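Colleague: What shape does this take:
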Amino acid sequence: MAENTFPQKTEIAINEDYDILPRLGYVEPYPNESISHYMGRLRRFKANSLPSGYSLGKITGLGAITTRWEKLYFNPFPSLEELKALSNLIGVEVERLYEMLPSKGVTMKPRPIRLCGACYAEAPCHCIEWQFKEKMKCDRHQLGLLTKCTNCETPFPIPADWELGVCTHCSLPFAKMVKRQKRY
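Modeller: Here you go, the predicted structure:
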C-alpha cells in the first residue's frame with residue numbers, strides 16, 4: 001500500500017504567529033469602498049487569484065467569516081482580532097479596514113444591493129453607506145439609489161462580484177444607469 005506523502009493539512013488559527021502567514025498581492029482600497037467590493041477586487045487581483053471569499057478565509061484562518069463580510073452581513077460585528085488577521089495577510093491597516101465597515105450602531109440593509117450610478121462613474125466601487133437602512137438617496141448627487149438594473153431590472157449581485165461594473169444580465173455599465181436615476 002502506498003504511503004501518503006502529502007503533508008497534513010492544517011488550519012492557521014488567527015491567534016498564531018502572524019510571521020508564518022503568506023502575504024497576498026497588495027490592492028489599494030478606494031475612498032469610501034465597502035469591504036465587500038474591496039475583498040472581491042483583492043481576490044480577483046492577478047497575483048492572488050482566489051476563487052471565493054471562503055478561500056480568502058481559509059488562508060487567514062477566519063473560515064467562512066470573510067464570505068459573510070462579502071455578503072454585507074456584520075452580525076456579529078468583525079472583531080479586532082479578525083481584522084488584524086486579514087490586515088496581516090493583505091497589508092492594509094486595521095484602521096482602514098474599519099473605514100470599509102459600517103459604524104457600530106448603524107443599521108445595515110444588506111439586501112437589496114444599492115448603487116448610485118453617478119458615484120460609480122466617478123469611482124468604480126460600492127460605497128458602504130449605500131447599504132445603510134435609512135439611506136434611500138445619494139446625498140452627494142441628490143439621486144435615488146438604484147436596486148436593480150435600469151434596463152432589464154435584474155437585481156444587483158453582491159459588490160464582491162462586481163468584476164466588470166456592468167449588469168450581469170444585459171451588460172449595461174453601472175455608470176450609464178445614472179441617466180435613469182430619479183432626482184430628489
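Colleague: mind checking pLDDT for the residue lying closest to L80 once chain neighbours are set aside?
Modeller: Of all residues not flanking L80 in the chain, V94 sits nearest, at 7.1 Å (Cβ to Cβ, 6 or more residues apart in numbering). Where C-beta positions appear, they are placed from N, C-alpha and C, glycine not excepted. Looking at V94, its pLDDT stands at 98.
Colleague: Tell me the spacing between V94 and K133.
Modeller: Between V94 and K133 the distance is 26 Å, computed by Cβ to Cβ, to the nearest Å.
Colleague: now P31
Modeller: Applying Cβ to Cβ, the value for P31 to K133 is 23 Å.
Colleague: Among those two, which residue is more densely surrounded?
Modeller: Counted by other Cβ atoms under 10 Å, P31 and K133 do not tie: K133 has more neighbours, with 11 against 8.
Colleague: from memory that one sits against G105, does it?
Modeller: No. With contact defined as Cβ atoms under 8 Å, K133 does not count as touching G105 (11.6 Å).
Colleague: how's this protein carved up into domains?
Modeller: Here the chain is described, according to automatic domain parsing, as comprising the domains 24-99, 117-180.
Colleague: These into a markdown table, with extra columns for distance to R111?
Modeller: Conversion of those to a markdown table gives the following (distance: least, Cβ to Cβ, whole Å):
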| stretch | distance to R111 |
| --- | --- |
| domain 24-99 | 8 |
| domain 117-180 | 8 |
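Colleague: wait, which of these is closest to P110?
Modeller: domain 24-99 (4.0 Å; Cβ to Cβ).
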